[in-house]
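**Q** fold the stuff below for me.
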Amino acid sequence: MSKKTQSNMEKEPGSPMIQASGSRLLPSEAPVAEAPSPSVPPAPDSASLAPFAEEASAMSAPSAGAESSAASSPAPSAEAAPSAGAASSSESAPSAGAEASAEASPAPSAPESSSVKDVRARALARQAEEKAAAFYDPAPKKASSPEKAADVPADAGHAREKEEEEDLSQYETSAREAGLELCGSDISSDDFIHPADRAEHLEQLPLNKQLCVLTHLPTEEAAEALAELDEEVAGDVLENMDADEAARLIAEMDPDDAVDILDEVEEGHRDILLSNLPADDAEELRMLLSFDPDTAAGVMNTDIITVSVNSTVDEAIMLIRSELEEKEMPYYVYVVDRQETLEGVISLRDLMLARPGTMLASMVNQQDVISVQFDTDKAEVARLLGHYNFLCLPVVDRDEHLMGVVTHDDVLDIIQDEASSDMLGMVGAGQDENVDTPWTRSIRIRLPWLVINMFTSSLSAFIVSLFESSIAQMALLAVLMPMVANQAGNTGQQALAVMIRQLATESFDARRSWGAVFRESKIGLGSGIFMAALAYAGVMGISGNARLASVMGVALLLDMLLGAMAGGAIPLVLRALGRDPAQASSIFLTALTDSGGFFIFLGLATAFLL
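**A** You can find the predicted model right below:
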């Protein structure tokens, strides 16, 4: 038995019954000790069993009243003591007799406590006694002769060791669950079927409980849960965790996941964490951190399996089997030469179906490899991966040396991030902003666009002021103005959303781009005719003024057409200027539809009604 196993056994809480000489008593047996036979090792001395006795005493503390009464009771009888003394030393016999009597016949004046703590303490004491018995019982017993040795199974020792390992595993599981209970998080190992579920629960907990849970989980499970956490939350956890513990979790994670989290950690603390990692792991992570996080190299995974172009199919399969546990799932086999230049890509299915002995060089001969440069924008990488329906895409440097791969799960994250960024950017919010972003930073991000919006709104106000006399003569114009502007704004927002989505999912040439704007114009015109008819009928019903109703209908039609054209064109103009097509597009659209709508409506009213 290993020292580690013995150490863990000694830490088990319990209350084994121990004589002063160190021999062990079972609860149901009389205190009789026998001389050790030649084939059985002698019982351990009192020093080796002392930890069990101390823990048993500590765990039995809640029931001290009953135990003290039992301990103070006299030995069972004069006959019992000599019986014990005949088989052991005179020092141990009285102690053994007293303990056996205390266990078997407690004093009537001190009944056993029925409290929950007392019952639990006694149960743990009995478990500790049984573990101590199993630990010190020699199995398999050594045979004293060749004939007896023949009766002992050859694998009995291995079976015993396996049983001890299982016991130790059960003990560690119980200790871990007890630790999680201390965290007060009701997040035991069996509560969640996937690390993402555990991460979702962790995000609802305060920081101190997050740290407690991750500390008590097994390293692999903790690393998986940490990788599934929001990057900012995970970075905050690492900054507040013990540096050695945090480094242990980082070493267990995939490099691309570790880099995403380390990128959120303060630079000084990040250096501390990297210094606690093995040299190879630290060097790899520093290299990945040096790349722009919005490029292919910033999201690639370097834990891949590469195979020499001079290998056979059988050698490639053996290599995959030997490295699979420590590498990314090999959806494809990447064939490289001696200089790590990418020569070809073979799917795992094709590799398994190939004839034994087939050379990989013949399978990748004249193959056109689809790859991306390390500085390719990650949005373009996501588009290419979706276009070719690949599970992953190789990343190479300028000399076609294989650097890593971008996997489909990374692309899903990229698409989600891009969609969120576009949605936030349309209204002038921070493209990486969320509810956990410091409010002062959000103010700094939003204020510039709010100032721009004020200037564009002042343009609309100036246009309205030009027709102040017209509004004074017909107050109903002021009532109808917002209807025109709002309807055109909604039409423009619809066109804007379609164009931004199109630009985000595929590339446009100039002809197709402006063809899409023309399409949105036709949609705006068709919708405008229908809404103009409704507006005409509504104004006629309210005012009975056919001329006013006609002005309202025509103004609404023209403004909706303007909104549709602006919604389709604004993203293209921003892209041509080198800006993000989604960035504050909504602000510019609102400025056009409001000012244009007020000018059209009030101008027509002034010309035909006043």
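
**Q** in the helix or strand harbouring residue 463, which residues are buried?
**A** In the assignment (DSSP states H and E), residue 463 maps to helix 439-466. For helix 439-466, a neighbour-count test (16 or more other CB atoms under 10 Å) marks 445, 449, 453, 456, 460, 463, 464 as buried. Backbone N, C-alpha and C define where each C-beta goes, glycine included.

**Q** next: stretch 546-554.
**A** For stretch 546-554, using 16+ other CB under 10 Å, the buried residues are 548, 549, 550, 551, 552, 553, 554.

**Q** using the three-state scheme, assign the fifth one.
**A** It stands for residue 552. Three-state secondary structure (criterion: DSSP: H, G, I helix; E, B strand; the rest coil) places residue 552 in helix.

**Q** ok, it - contacts?
**A** 480, 483, 484, 535, 536, 539, 601 (CB atoms under 8 Å, 6 or more residues apart in numbering).

**Q** try 6 Å
**A** Counting by CB atoms under 6 Å, 6 or more residues apart in numbering, residue 552 makes contact with 480, 535, 539.

**Q** again, but for the fourth one
**A** Residues in contact with residue 551 (CB under 6 Å, 6+ apart) are 604, 605, 608.

**Q** mind checking how far the last one is from residue 599?
**A** Plainly put, residue 608 is 15 Å away from residue 599 if you go by CB to CB, to the nearest Å.

**Q** what about these two, which has more around it?
**A** The residue with more neighbours, out of residue 608 and residue 599, is residue 599; 18 against 12, by other CB atoms under 10 Å.

**Q** what's the helix or strand for the more buried one?
**A** Per DSSP H and E, residue 599 falls inside helix 585-608.

**Q** any idea of the mean pLDDT for that helix?
**A** For helix 585-608, mean pLDDT rounds to 91.

**Q** ok, stretch 206-223 next?
**A** Summarised as a single mean, pLDDT over stretch 206-223 is 87.

**Q** could you look up the SS state of the residue nearest to residue 202 when sequence neighbours are not counted?
**A** Leaving aside its chain neighbours, residue 202 sits nearest to residue 210 (5.3 Å; criterion: CB to CB, 6 or more residues apart in numbering). Three-state assignment for residue 210 (three-state DSSP): helix.

**Q** ok, the one 4 residues further on next?
**A** Put simply, residue 214 is helix when judged by three-state DSSP.

**Q** my read: it touches residue 223, true?
**A** No - under the criterion of CB atoms under 6 Å, residue 214 makes no contact with residue 223, lying 9.0 Å away.

**Q** have a look at those two and say which one is more surrounded.
**A** It is residue 214, of residue 214 and residue 223, that has more neighbours when counted by other CB under 10 Å, with 25 against 22.

**Q** packing partners of the host helix or strand of residue 522?
**A** Using DSSP H and E, residue 522 falls within helix 510-543. Using 3 or more CB pairs under 6 Å, 6 or more residues apart in numbering; DSSP states H and E, the elements in contact with helix 510-543 are helix 546-576.

**Q** got the buried residues for the helix it packs on?
**A** Quick answer for helix 546-576 (16+ other CB under 10 Å): 548-572, 574-575.

**Q** likewise stretch 392-406?
**A** Going by 16+ other CB under 10 Å, stretch 392-406 has these buried residues: 392, 393, 394, 395, 396, 400, 402, 403, 404, 405, 406.

**Q** please give me every residue in contact with the spatially closest residue to residue 588 that is not a sequence neighbour.
**A** Distances taken as CB to CB, 6+ apart place residue 570 nearest to residue 588, at 5.5 Å, with adjacent residues excluded. Contact analysis of residue 570 by CB under 6 Å, 6+ apart lists 585, 588, 589.

**Q** so who does the first one touch?
**A** Counting by CB under 6 Å, 6+ apart, residue 585 touches 426, 496, 570, 571.

**Q** which residues are in contact with stretch 284-292?
**A** The list of residues contacting stretch 284-292 from outside it, by CB under 6 Å, 6+ apart, reads 255, 259, 297, 298.

**Q** so which of the residues you listed wins on neighbours?
**A** Greatest neighbour count in those, by other CB under 10 Å, goes to residue 259: 25 neighbours.

**Q** and residue 499, how many neighbours does it have?
**A** Neighbour tally, residue 499, other CB under 10 Å: 26.

**Q** wait, it sits on residue 573?
**A** No - the pair formed by residue 499 and residue 573 falls short of the contact definition of CB under 6 Å, at 10.9 Å.

**Q** JSON lines for the contacts of stretch 284-292, including distance to residue 364?
**A** Shown next, in JSON lines, are those (distance: CB to CB, whole Å):
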{"residue": "255", "distance to residue 364": "26"}
{"residue": "259", "distance to residue 364": "30"}
{"residue": "297", "distance to residue 364": "24"}
{"residue": "298", "distance to residue 364": "28"}
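
**Q** just those now: which is nearest residue 204?
**A** Among the contacts of stretch 284-292, residue 259 lies closest to residue 204 (CB to CB), at 25.9 Å.

**Q** now the helices for the stretch 251-400 of the chain?
**A** Assigned by DSSP state H, counting those that start in this stretch, the stretch 251-400 of the chain shows helices spanning 255-262, 267-275, 279-289, 296-299, 313-323, 348-353, 360-363, 378-388.

**Q** reformat those helices as JSON lines; add mean pLDDT and distance to residue 246.
**A** Below are the helices of the stretch 251-400 of the chain laid out as JSON lines (pLDDT from 0 to 100; distance: least, CB to CB, whole Å):
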{"stretch": "helix 255-262", "mean pLDDT": "89", "distance to residue 246": "10"}
{"stretch": "helix 267-275", "mean pLDDT": "91", "distance to residue 246": "6"}
{"stretch": "helix 279-289", "mean pLDDT": "90", "distance to residue 246": "13"}
{"stretch": "helix 296-299", "mean pLDDT": "90", "distance to residue 246": "22"}
{"stretch": "helix 313-323", "mean pLDDT": "89", "distance to residue 246": "27"}
{"stretch": "helix 348-353", "mean pLDDT": "89", "distance to residue 246": "34"}
{"stretch": "helix 360-363", "mean pLDDT": "91", "distance to residue 246": "41"}
{"stretch": "helix 378-388", "mean pLDDT": "87", "distance to residue 246": "27"}
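
**Q** highest average neighbour count across the ones you listed?
**A** Mean neighbour counts were taken over these using mean count of other CB atoms under 10 Å, and the top value, a mean of 24, falls to helix 296-299.

**Q** which stretches of the stretch 101-250 of the chain have low pLDDT?
**A** Along the stretch 101-250 of the chain, segments meeting pLDDT under 70 span 101-182, 184-191.

**Q** let me see the domain layout of the protein.
**A** With domains defined by automatic domain parsing, the chain comprises 3-138, 184-290, 306-409, 439-608.
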